[in-house]
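In: Can you look at this prediction? I've put the sequence above it.
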Amino acid sequence: MSPHSHRDVAGTPDGAPAWATATPKSRASERPPMTDVDGDASGEGPTDRILAGADREAMQAALTGWYREDHRAFPWRETTDPYEVLVSEVMSQQTQLERVVEAWEAFLDRWPTVADLADANRAEVVGFWTDHRLGYNNRARYLHEAAGQVQTEFDGEFPRDPETLEELMGVGPYTANAVASFAFNNGRAVVDTNVKRVLYRAFEGVRGADTGDSTPPYEAVASRLMPEGESRLWNNAIMELGGVVCQKTPRCDERGCPWRSRCHAYATGDFTAPDVPTQPEFEGSRRQFRGRAVRALGEHGPLALDELGPRVRVDYAPEGSSGREWLRGLLADLVDDGLVTLENDGGTLVARLQE
Ligand code: SF4
């Protein structure tokens, strides 16, 4: 788990997190391809096509506004100290965040600065790891080693960019980017399992690029979406969205997702994703829309289609693909099920709950 979101961490075959076993050489080869980040000069590269029609500024504003208004409070979100951020990132891989909070605070009480950690006895650091059940003691060893590197190779100052941060022991591409983003606001767009799920659902083109022969250009799309120079805010926001709203079972309405009116999955009811191969059971799909229609008619009594539509989905537009036609089809199912009746009231179709 990332401390900044509920991130799924891919493990290596032996069960260790990927970053813990990576060597500097192999880490370099793990870097995400950046070639497509700016799309094609003609404006018709794959990323341009995927984002064509998306109002990026509106999506950025909606997501960052939503995050600013409310998000989970974690102590490491209050700091921009790279050492404190690094400790939180390393601790939280595959460890429950609740346990990390306590361990993180205790660790920083004991070794408040990177210099203190570099001077520490390695056995004590490993002992701390074991006592706090943080798993994979190698992470403690690498963290200690990295602290020593900061002192000896970087004069006690953390590097500020992801590439140089990767030179630290045990720091893979994800962790390097997290530290660059959250400490220095100097990272790339984060792409982890949660972010992939969000992008796949929100953009029809991302889903369409998943052909079996090729995977969608997640890094490029994520980079184009990120507001310039805002990696701290943006990465926190999109990871929070994937962590608490666009989960495997999405909670679009329940948690007020700020992208509902622009999201392909929300509009179509298809909430599958790379890590959700079959339609999740729940809210979201057609069943959810049916439930909302029934609820609205129960609360408000008989409603004309254009009065009911916005109560069923935020992106209802009478003439659009999520408009009257679509609603008529949904109501036809409810009529077949004996839940709803449709009447023509002076040329206006009115729905009411079956008595
Ligand atoms: S509307 Fe739902 S599916 Fe779309 S991004 Fe938001 S939570 Fe995910």
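Out: Happy to help now that I have it. Residues are numbered from 1 along each chain as shown.
In: Report all helices and strands that the longest helix seen in the chain contacts.
Out: Longest helix in the chain by number of residues (criterion: DSSP state H): helix 137-153. Judged by 3 or more CB pairs under 8 Å, 6 or more residues apart in numbering; DSSP states H and E, the packing partners of helix 137-153 are helix 18-21, helix 82-92, helix 114-119, helix 122-131. All C-beta spots, glycine's among them, are computed from the backbone N, C-alpha and C.
In: let's see it at 10 Å
Out: In terms of contacts (3 or more CB pairs under 10 Å, 6 or more residues apart in numbering; DSSP states H and E), helix 137-153 is packed against helix 18-21, helix 82-92, helix 114-119, helix 122-131, helix 162-165.
In: Stretch 256-274: how far from the chain's middle?
Out: Remark: stretch 256-274 is offset 13 Å from the chain centroid, using CA atoms, centre = their mean, to the nearest Å.
In: all helices of the stretch 101-250 of the chain, in order?
Out: Counting by DSSP state H, counting those that start in this stretch, the segments of the stretch 101-250 of the chain that form helices are 114-119, 122-131, 137-153, 162-165, 173-184, 193-202, 204-208, 218-225, 231-240.
In: Would you convert these into TSV that also reports mean neighbour count?
Out: Listed next are the helices of the stretch 101-250 of the chain as TSV, based on neighbours: other CB atoms under 10 Å:
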stretch	mean neighbour count
helix 114-119	17
helix 122-131	15
helix 137-153	19
helix 162-165	20
helix 173-184	26
helix 193-202	24
helix 204-208	19
helix 218-225	23
helix 231-240	23
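In: where does the stretch 201-350 of the chain dip in pLDDT?
Out: For the stretch 201-350 of the chain, applying pLDDT under 70 flags the ranges 281-285, 287.
In: got the residues of the stretch 101-250 of the chain near the ligand?
Out: Val198, Arg201, Ala202, Val245, Cys246, Pro250 (CB under 6 Å from any ligand atom).
In: Spatially nearest residue to the fifth one, not counting backbone neighbours?
Out: Counting by CB to CB, 6 or more residues apart in numbering, Val198 is the residue found nearest to Cys246 once chain neighbours are left out, at 4.7 Å.
In: next one: the third one
Out: In space, not counting the residues next to it along the chain, Ala202 is nearest to Cys263; the distance is 4.7 Å by CB to CB, 6+ apart.
In: Pull the contacting residues for that neighbour.
Out: Counting by CB atoms under 10 Å, 6 or more residues apart in numbering, Cys263 touches 59, 198, 201-204, 246, 250, 252, 257, 271, 314-315.
In: quick one: contacts for Glu307?
Out: Glu307 neighbours (CB under 10 Å, 6+ apart): Ala296, His300, Thr348, Val350, Ala351.
In: so what's the fourth one up against?
Out: Listed by CB under 10 Å, 6+ apart, the contact partners of Val350 are Gly301, Pro302, Leu303, Ala304, Leu305, Glu307, Leu308, Thr341, Leu342, Glu343, Asn344.
In: Quick check: it vs Leu225, distance?
Out: Going from Val350 to Leu225 by CB to CB, to the nearest Å gives 42 Å.
In: how deep is Leu297 tucked in, by neighbour count?
Out: Counted with other CB atoms under 10 Å, residues neighbouring Leu297 total 23.
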